[in-house]
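Colleague: Would you be able to build a 3D model of this:
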Amino acid sequence: MSGPVRMEVHAAGHTGHVFASRGVASRDGGTRDGGPTAPAVVLIHGIGASHRYLRRLHRLLAGSMDTYSIDLPGFGATPRPGRTLSVAEYARYILGAMDQLGVSEFVLVGHSMGTQFATEAALQEPGRIPHLVLMGPVVDPQRRTVAQQALALGRDCLFYESPSSNALVFTDYLRCGPVWYIKTLRVMMEYPTEQKITGVTAPVLVVRGANDPVANAGWSRRLAGLARRGELLEVQGTGHVVQHNRAVEVRDAILAFAGLNAAVGQVLPGNPA
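Modeller: Down below sits the predicted model:
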């Protein structure tokens, strides 16, 4: 399978990059084994990061469905906006970019702060997002200070991440730069995920690494419970960057959640709660 195609996409007044791969079903003109038509899936990174720590998951998902990863405006190698953007503005960019690419409906998957962007997009245009996946969601309202979040992230990096996940995250943080990171951090800390999730009509799957101190077990369970149709999956043996360190398990969870179990061909790892 060839790598994803990078496209510069201008939407909602801002410029980002979209990395697109066509799935097996699209290339074959149908689905395997007469199964249901596979929807597209869109992957959204978190604060300071980029599509790079989503590449393993992207590559695996692209074996079954059209897959898109987005570098949001101001992150990765994209141009930095002239001002700080709100969560709602990032959500409008995601929806607008997919509009431009002719993708009307898609499973939306966010990681860390990307779960806020994904939640907001599902609120803005609920008819376009049949399934919402939140990996390592933020911010736990019981730990809504920068110091508490920094401590949790530090513990995660020191004890629960792989060298490759740390390398990807920290090099992206350097590209992002401290000024833009801090400006965006304020936006992240103020977004009330626990309130917003109650308005989402799509089924919601919350995924966390079982060792994740950022999205801890109690917070993740509460968030799944606040959703109208929420589920929690804990993936053993990893921390916050679950989609990189346990990409196969996360891929299988997304496919099963989207009703594509037949395309997976193996037992779903992890412990559904």
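
Colleague: Need the distance between the two termini of stretch 123-142.
Modeller: With C-alpha to C-alpha, to the nearest Å as the measure, stretch 123-142 spans 24 Å from end to end.

Colleague: Show me what the helix or strand where residue 97 lies is packed against.
Modeller: In this assignment (DSSP states H and E), residue 97 forms part of helix 87-100. If contacts are counted by 3 or more C-beta pairs under 8 Å, 6 or more residues apart in numbering; DSSP states H and E, helix 87-100 sits against strand 5-11, strand 14-21, strand 40-44, strand 67-71, helix 113-124. Just so you know, the C-beta spots here come from the backbone N, C-alpha and C atoms, and that holds for glycine as well.

Colleague: Could you tell me the angle between it and strand 40-44?
Modeller: Angle, helix 87-100 to strand 40-44, by axes from the mean of the first three to the mean of the last three C-alpha atoms, to 10 degrees: 150 degrees.

Colleague: Who's the closest spatial neighbour of residue 229, skipping the chain neighbours?
Modeller: Take residue 229 and drop its neighbours on the chain: the residue closest to it by C-beta to C-beta, 6 or more residues apart in numbering is residue 203, 4.3 Å away.

Colleague: Give the burial count for the one you found, as a bare number.
Modeller: 17 (other C-beta atoms under 10 Å).

Colleague: Per-residue pLDDT of it, please?
Modeller: pLDDT recorded at residue 203 is 98.

Colleague: residue contacts, it?
Modeller: 130, 131, 132, 227, 229, 230, 231, 257 (C-beta atoms under 8 Å, 6 or more residues apart in numbering).

Colleague: Any buried residues in the helix holding residue 97, and which?
Modeller: By neighbour count on 16 or more other C-beta atoms under 10 Å, the buried set for helix 87-100 is 87, 88, 89, 90, 91, 92, 93, 94, 95, 96, 97, 98.

Colleague: Next: stretch 230-250.
Modeller: In stretch 230-250, counting by 16+ other C-beta under 10 Å, buried: 230-235, 238-247, 249-250.

Colleague: now swap in stretch 184-198 and tell me
Modeller: For stretch 184-198, using 16+ other C-beta under 10 Å, the buried residues are 184, 185, 187, 188, 191, 193, 194, 196, 197.

Colleague: I'd say the second one and residue 147 touch.
Modeller: No - Residue 185 sits out of contact with residue 147 when judged by C-beta atoms under 8 Å, with a separation of 11.8 Å.

Colleague: quick one: low-confidence parts of this structure?
Modeller: 1, 24-37, 261-273 (pLDDT under 70).

Colleague: Identify the bridge partners of the residue most central in space within it.
Modeller: The residue lying closest to the centre of the chain (C-alpha atoms, centre = their mean) is residue 110, at 1.7 Å. Legend: beta-bridge partners of residue 110 under DSSP bridges are residue 44, residue 134.

Colleague: residue contacts, it?
Modeller: Applying C-beta under 8 Å, 6+ apart to residue 110 gives the contacts 43, 44, 46, 116, 117, 118, 119, 133, 134, 135, 137.

Colleague: And those, which is closest to residue 211?
Modeller: Nearest to residue 211 out of these is residue 135 (C-beta to C-beta; 14.0 Å).

Colleague: That closest one and residue 80, how far apart?
Modeller: 25 Å (C-beta to C-beta, to the nearest Å).

Colleague: picking that back up, from the chain's centre, how far out does the helix holding residue 97 sit?
Modeller: 14 Å (C-alpha atoms, centre = their mean, to the nearest Å).

Colleague: okay, it in CSV with CA atoms only?
Modeller: Coordinates of each C-alpha in helix 87-100 appear next as CSV, following Å, rounded to 0.1, in the frame of the first residue of the first chain:
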residue,chain,number,x,y,z
VAL,A,87,-12.4,24.7,19.6
ALA,A,88,-15.4,25.7,17.6
GLU,A,89,-13.2,27.2,14.9
TYR,A,90,-11.0,24.1,14.6
ALA,A,91,-14.2,22.0,14.3
ARG,A,92,-15.4,24.2,11.5
TYR,A,93,-12.1,23.7,9.8
ILE,A,94,-12.4,19.9,10.0
LEU,A,95,-16.0,19.9,8.6
GLY,A,96,-15.1,22.4,5.9
ALA,A,97,-12.0,20.5,4.8
MET,A,98,-14.0,17.3,4.5
ASP,A,99,-16.6,19.2,2.5
GLN,A,100,-13.9,20.3,0.1
